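Asker: Everything below, folded, please.
(3 chains)
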Amino acid sequence: MPELPEAERARALIADRALGRRITGVEDGDSYVCRPHAPGELAGALLGRRLTSANRIGKMLWLETDGAGPDLGLHLGMAGRIAIDEPPHALWDRFVLTFADGGRLALRDKRRLGRAVLAPDLARLGPDAALATRAEFRARVGRGGGAIKARLMDQGVIAGVGNLLADEILWQARIDPRRAANDLSEAELDALRRAVRAAIRHAIRNGGAHSGALIAHRERDGRCPRCGAPLSRARIGGRTTYWCPDEQRTAGD
DNA sequence: AGCATTGTTTCACA
DNA sequence: TTGTGAAACAATGC
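Answerer: Numbers count the residues shown, from 1 in each chain, chains lettered A, B, ... in the order given. Now for the predicted structure:
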């Protein structure tokens, strides 16, 4: 499920339900999810502490604790979610904090591409996709000769946009995903930024990146929700991409 | 059986 | 230097 909207929901859930509770147990035995840490390393850093804040840039979450310990970074990967005070799932709870009050916070992940890591490296992320200023967005997203869709999904450029959101955003902005990033006019980049913000807001409100209008149609009837034209499909930026060949502009204004 | 997948990283290659 | 495609990672669903 996870793109920025899902990560934001997870952050809000943690902020609402997990802060202030004392950590009395840490299950960090999944050495793939907790890589590069050895089993027990996260426990050593977290036991006895309380979570004091839940933060996010793009898809990356990090939790601060009281005392001087490192932050706890959490990433939902391809299929993860945060489960708080839910009955344990023996198979899919890949990393778990248990609290003094008997409750628990689990990184529940069917696949195992989620991550729990100490002192996450945030320096490699661009500004959060919903917070980038207009000037930042123009400068960062509008650079380079690669496809605009690949640019939008590059977490080092702006953080938070994944495959579904990228298709939805470009469809909303009526821009062809194959356009070179540096071919977009400033007006188009500004429109793109507005579409990014709108799509994220909409997805957070409506339950996730899955709630986009284009997404619902892409494999349902394969037609553009606005004009009914058959959607095009191709691999762009390494991911399957859908767009409307009639409405999404191939060339600048 | 085979293929695809809301993510990230690394590597070969142009 | 920049960009791209593929593979690896893991596990599930169609």
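Asker: check which helix or strand covers the closest residue to DNA strand C within the stretch 101-250 of chain A.
Answerer: Scanning the stretch 101-250 of chain A for the residue nearest DNA strand C gives residue A:144, at 2.5 Å (criterion: C-beta to the nearest atom of the strand). No exception for glycine: its C-beta is placed from N, CA and C like everyone else's. Here residue A:144, judged by DSSP states H and E, is contained in no helix and no strand.
Asker: ok, now residue A:48?
Answerer: With DSSP H and E as the test, residue A:48 turns up in no helix or strand.
Asker: cool, the one 3 residues further on as well?
Answerer: Under the criterion of DSSP H and E, residue A:51 resides in strand A:51-57.
Asker: In that strand, which residues are buried?
Answerer: Judged by neighbour count using 16 or more other C-beta atoms under 10 Å, the buried positions of strand A:51-57 are A:51, A:54, A:56, A:57.
Asker: The last one contacts residue A:158, correct?
Answerer: No: here residue A:57 does not reach residue A:158: they are 10.0 Å apart, not a contact under C-beta atoms under 8 Å.
Asker: where exactly do the strands run in the stretch 101-250 of chain A?
Answerer: A:104-109, A:115-118, A:232-236, A:239-243 (DSSP state E, counting those that start in this stretch).
Asker: For these, give me TSV that also has mean neighbour count, mean pLDDT and distance to residue A:197.
Answerer: Listed next are these as TSV, based on neighbours: other C-beta atoms under 10 Å; pLDDT from 0 to 100; distance: least, C-beta to C-beta, whole Å:
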stretch	mean neighbour count	mean pLDDT	distance to residue A:197
strand A:104-109	24	98	28
strand A:115-118	22	97	27
strand A:232-236	14	94	22
strand A:239-243	19	95	20
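Asker: What's the local residue count around the residue of the stretch 101-250 of chain A closest to DNA strand C?
Answerer: 15 (other C-beta atoms under 10 Å).
Asker: Check which element follows the helix or strand residue A:62 falls within along the chain.
Answerer: In this structure, residue A:62 sits in strand A:60-65 according to DSSP H and E. Per DSSP H and E, the first helix or strand lying C-terminal to strand A:60-65 is strand A:72-75.
Asker: that older thread, so what sits against both of residue A:57 and residue A:158?
Answerer: Common contacts of residue A:57 and residue A:158, defined by C-beta atoms under 8 Å, 6 or more residues apart in numbering, comprise A:127, A:128.
Asker: Get me the contact residues on chain A for DNA strand B.
Answerer: With the criterion set to C-beta under 7 Å from any atom of the strand, chain A comes near DNA strand B through A:1-3, A:6, A:58-59, A:75, A:77-78, A:111, A:113, A:124, A:153, A:155, A:162-164, A:208-210, A:238-240.
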